[in-house]
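> The following block contains a protein sequence and its predicted model.
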Amino acid sequence: MIESPLLTKLTGYIGGRWTDNAEGNTFDVYNPATGAVIAQVASMSEQEVTAAVEAGKSALRLTNPYSIETRRKWLEDIRDALKEHREEIGRILCLEHGKPLQEAQGEVDYAAGFFDYCSTHIQALDAHTIPEKPKNCTWTVHYRPVGVTGLITPWNFPIGMIAKKLSAALAAGCPSVIKPASETPLTMIALFSLMDQHTDLPDGMVNLVMGKASVIGKVLCESPDVPMLSFTGSTEVGRKLVLDTAEQVKKLALELGGNAPFIVFDDADLDAAADNLIANKFRGGGQTCVCANRIFVHEKVADAFGDKLAERVNKMTVGDGINGDVDIGPLINKAGFDKVKRHLEDALEKGAKLVAGKQPGELGEGLFFPPTVITEVTRDMCCYREETFGPLVPMALFRTEDEVIEAGNDTEFGLASYVFTGDAERAQRVAAGLRFGHCGWNTGTGPTPEAPFGGMKASGIGREGGLEGLFEFVEPQTVPRGF
Ligand code: ADP
């Protein structure tokens, strides 16, 4: 069982108090590297989730709002607490998610960056009076908190994803009811320990509920006291939330699946492209929504690029992330592992060639999937059509710019994309043609707290990060004054 000073409680947190499930129901949390159960965490009932919403309602202040200074201080305190406890939070994160320890601790720094950004830019949410005086009135725009928000996060960035949402919600003055993924609730509990000990957030401003998604989701979707949900996860669940909140016309911020194209032209710096692809693709073991999922390589450089990838991939190590010196940890669970294996088998059966890695029959026990590169991938293959969410690099060849823009867009998703070329004009054309919310030019980097990030098409609604993200949790209210 996991031991940590930040995990002395393994329960929800409602109205400023650690709250157990009344019947003592729990669920197990596993270490994916060993398969061992590392904690049993309280599973909340409908009544408890409803109590969390009530607590949020009691913390919402409309007529006497929390000042900008107060909100900035909350954000700064959380940022400072995360920085101070980065090693321990990273260790907890590593043990329940599996990503290498240094990467896990890097995620804590990334999370702190969102609280820092929002605290630095919170003044943008202050009311302002517009310079014109139409209709003989003075027009003031106020940014009101949306209200109590439901924040639902996935397991792939246990601290990063909540940081994006919570920083903007607190900046706006919105209380929240937070539901982490059941694979990774411990990092969230640790964050709540920090908020409990190191901030003076009002009771009910942040509430933690864990357990069955169907129970928690139902309350958050049906309660008229929750006017907004911010969700990161699968497109399938995102669609369900759209349907389940339609009746009340709730405000939704959705960050859903991706199917990122990574395009390498024949004039690209192939070493830089290969290095960036490795860093991008194998972060979190390939389990991020911005991981390159379809690698389009110009046919003239396909062999050379494949060789560079193989050379790098063959040096990578896979193992228990807590050991500190591995590049890739285990996949999150058996379903995740089986999906990557199915994509590899399907591609090889349909004619793809293995460039690096193992044949499906040679994969060992446990959830450790070796980094794998395949080429001659075609549109009918699962790895091309679906998000693989694992360390499989599928290369497809192309000839022309128009052809590769069309192929890149041949997906319902529109989250991240990447283009590698030495030709600036071509990069501009390709970026403009790709219907993706993020398009890296000669970089495989993903989001950063300072810039907006989010999806087009079925990849979502709204943005996180940047000023755009800061404005997600406010309702502009316009007050024209006659006299
Ligand atoms: P993933 O495949 O990354 O696990 P999911 O969309 O299944 O993505 O889950 C993302 C988050 O959404 C998790 O916290 C999960 O428990 C939660 N979730 C799943 N189904 C629902 C639902 N019907 N209502 C609310 N939250 C849900």
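Sure thing, it's come through.

> In the chain, which helix is the longest?
helix 101-121 (DSSP state H).

> Check what pLDDT the residue in the chain that the ligand sits nearest to gets.
Nearest to the ligand in the chain, going by CB to the nearest ligand atom, is G217, at a distance of 2.2 Å. Yep, even glycine has a C-beta here, placed from its N, CA and C like the rest. The score at G217 is 98. That number is its pLDDT.

> could we number from 22 for the rest of this?
Let's use 22 as the start, then, which means that last one is G238.

> And for it, the neighbour number?
20 (other CB atoms under 10 Å).

> returning to that earlier point: which parts of the longest helix of the chain are buried?
122, 124-129, 131-140, 142 (16 or more other CB atoms under 10 Å).

> what's downstream of that helix, the next helix or strand?
Next in sequence after helix 122-142, counting helices and strands by DSSP states H and E, comes strand 149-150.

> Strand partners (parallel or antiparallel) of that next one?
strand 159-166 (antiparallel) (DSSP bridges).

> After the strand it pairs with, which helix or strand is next? Please name it.
strand 170-173.

> Quick check: mean pLDDT of the helix or strand following that next one?
For strand 170-173, the succeeding helix or strand toward the C-terminus, using DSSP H and E, is helix 181-193. In this model, helix 181-193 carries a mean pLDDT of 99.

> Over to stretch 418-431?
98.

> So for it, what gets flagged as buried?
Within stretch 418-431, judged by 16+ other CB under 10 Å, the buried ones are 418-419, 422, 425-426, 428-430.

> Go through those and flag which are in strands.
Residues of the buried residues of stretch 418-431 located in strands (DSSP state E): 418-419.

> Residue ranges of each domain in the protein, please.
Using automatic domain parsing, the domain parsing of the chain gives 33-277+480-503, 281-473.

> ok, the helix or strand containing V440: who's next to it in the sheet?
Per DSSP H and E: V440 is located in strand 437-441. Next to strand 437-441 in the sheet, as set by DSSP bridges, lie strand 281-285 (parallel), strand 459-462 (parallel).

> number of nearby residues for G483?
With other CB under 10 Å as criterion, G483 counts 18.

> Does A145 touch L491 like I think?
Yes: using CB atoms under 8 Å, A145 makes contact with L491 at a distance of 6.1 Å.

> near the ligand, which residues of the protein?
For the chain, the residues in contact with the ligand (CB under 6 Å from any ligand atom) are 173-176, 200, 202-203, 234-235, 238, 254-255, 258, 261.

> ok, 5 Å please
By CB under 5 Å from any ligand atom, the part of the chain that sits against the ligand consists of 173, 175, 202, 234, 238, 254-255, 258.

> Buried only: go through those for me.
Buried, going by 16+ other CB under 10 Å: 173, 175, 202, 238, 254, 258, out of the residues of the chain next to the ligand.

> show me what contacts the fourth one?
Going back to what we said before, that points to G238. Going by CB atoms under 8 Å, 6 or more residues apart in numbering, G238 touches 173, 200, 261-262, 265.

> With P248 instead?
167-170, 269, 271-272.

> likewise V440?
Counted by CB under 8 Å, 6+ apart, V440 has contacts 284, 286, 448, 451-452, 455, 460-463.

> 10 Å - rerun?
By CB atoms under 10 Å, 6 or more residues apart in numbering, the contact set of V440 is 282-286, 289, 294, 317, 422, 425-426, 429, 447-452, 454-455, 460-464.

> Repeat that for V394.
298, 302, 316, 326-327, 330-331, 333-335, 374-378, 412-416.

> a strand runs through it, doesn't it?
Yes: with DSSP: H, G, I helix; E, B strand; the rest coil as the criterion, V394 is part of a strand.

> What's the per-residue pLDDT of it here?
Confidence score, pLDDT, at V394: 98.

> likewise K104?
At K104, pLDDT is 98.

> phi, psi of it?
phi -60, psi -40 (degrees, to the nearest 10).

> That one contacts V129, correct?
Yes: between K104 and V129 there is a contact under CB atoms under 10 Å: 8.0 Å.

> Wasn't the residue of the chain closest to the ligand part of a strand?
No: looking at G238 with three-state DSSP, it is helix, so not inside a strand.
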